[in-house]
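# compute the structure for the input listed below.
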Amino acid sequence: MIAGLLTAVRELANEAAGSTPERRAAIRRELDGLAAIMESHFGYEERAVSDALDDGVQDTGWSTLVFTFRM
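Model prediction:
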């Protein structure tokens, strides 16, 4: 999901470089919407991880998948 959103951000940024002021304003609104979706998604994930940690869920290796930075 996030990869698709980041692709959309990249495409909009590339388009903005050579667009009219009116189109840049529309792109800004689209980017605001994408940012809101990402914030909502990350908020959900943060709550899910917090709930798991607060409930004492046994770590069967899931924490490595969740907390390891991958490129």
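
# lowest-scoring secondary structure element of this protein by mean pLDDT?
Lowest by mean pLDDT, DSSP states H and E among the helices and strands of the chain is helix 62-67, with a mean of 82.

# chain center to that one, what's the gap?
18 Å (C-alpha atoms, centre = their mean, to the nearest Å).

# what's in contact with it?
49, 52 (C-beta atoms under 8 Å, 6 or more residues apart in numbering). Quick note: C-beta positions are derived from backbone N, CA and C, even for glycine.

# give me the residue at the spatial middle of the protein.
residue 38 (3.5 Å; C-alpha atoms, centre = their mean).

# buried residues in the host helix or strand of that one?
For residue 38, the host element (DSSP states H and E) is helix 21-54. Across helix 21-54, burial judged by 16 or more other C-beta atoms under 10 Å covers 27, 34.

# then stretch 1-20?
9, 12.

# ok, residue 63 - how many residues close by?
Neighbourhood size, residue 63 [other C-beta atoms under 10 Å]: 13.

# do you know how far it is from residue 5?
The gap separating residue 63 from residue 5 is 25 Å, by C-beta to C-beta, to the nearest Å.

# follow-up on the earlier one: helices or strands up against the helix holding residue 38?
Applying 3 or more C-beta pairs under 8 Å, 6 or more residues apart in numbering; DSSP states H and E, we find helix 21-54 packed against helix 2-17.

# again, 10 Å this time
On a contact count with 3 or more C-beta pairs under 10 Å, 6 or more residues apart in numbering; DSSP states H and E, helix 21-54 meets helix 2-17, helix 62-67.

# that helix: how far from the chain's middle?
6 Å.

# thinking again about what came up before, with distance to residue 44 added, can I get the helices and strands packed on helix 21-54 in TSV?
What follows is those, written out as TSV (distance: least, C-beta to C-beta, whole Å):
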stretch	distance to residue 44
helix 2-17	12
helix 62-67	13
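
# least confident of the ones you listed, on average?
Mean pLDDT per stretch puts helix 62-67 lowest among these, at a mean of 82.
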